[in-house]
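> sequence below, structure please.
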Amino acid sequence: MALKNLLGLESFPIGDSEIMRRIQEAYKQNLEEIEFSSEKRVVKIKLSKVSQEGITHWYTG
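Residues are numbered from 1 along each chain as shown. Next up is the predicted model:
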């Protein structure tokens, strides 16, 4: 299953690598959530306080 589907972003014109880049950038900025929006939908993803290395170590982009 694609990351887009897991996060409810299947209707957004964005790839898994861009989603991961935005999540990693949000962790670097110590944000609590990130938002993806289009003309029809807004999806907010709350970020945990778990180290990003623990979450994204498998992802190679």
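> and the nearest residue to Glu32 once chain neighbours are set aside, how far is that from Lys4?
Excluding the flanking residues, the one nearest Glu32 by C-beta to C-beta, 6 or more residues apart in numbering is Leu47, at 6.1 Å. For every residue, glycine as well, the C-beta is placed using N, CA and C. Here Leu47 is placed at a distance of 17 Å from Lys4 (C-beta to C-beta, to the nearest Å).
> kindly report the same for Ile34.
In terms of C-beta to C-beta, Ile34 sits 14 Å off from Lys4.
> Val43 against Leu7, yeah?
Yes: under the criterion of C-beta atoms under 8 Å, Val43 makes contact with Leu7 at 6.8 Å.
> just for the protein, where's the confidence low?
50-61 (pLDDT under 70).
> helices of that one, residue ranges please.
Taking DSSP state H as the test, the helices found in the chain are 3-6, 16-28, 52-56.
> which elements pack onto the longest one?
If I follow you right, that is helix 16-28. Other helices and strands packing on helix 16-28, by 3 or more C-beta pairs under 8 Å, 6 or more residues apart in numbering; DSSP states H and E, are helix 3-6, strand 33-37, helix 52-56.
> and for the shortest one?
Where contact means 3+ C-beta pairs under 8 Å, 6+ apart, helix 3-6 is packed against helix 16-28.
> and the angle from the helix it packs on to strand 33-37?
Helix 16-28 runs at 140 degrees relative to strand 33-37, counting by axes from the mean of the first three to the mean of the last three C-alpha atoms, to 10 degrees.
> so how far is helix 16-28 off the chain centroid?
Centroid separation between helix 16-28 and its chain, computed with C-alpha atoms, centre = their mean, to the nearest Å, is 5 Å.
> if we can go back for a sec, quick one: contacts for the residue nearest to Glu32?
23, 26-27, 31-34 (C-beta atoms under 8 Å, 6 or more residues apart in numbering).
> widest-spaced pair of the residues you listed?
Using C-beta to C-beta, the two most remote members of the contacts of Leu47 are Ile23 and Glu32, lying 12.4 Å apart.
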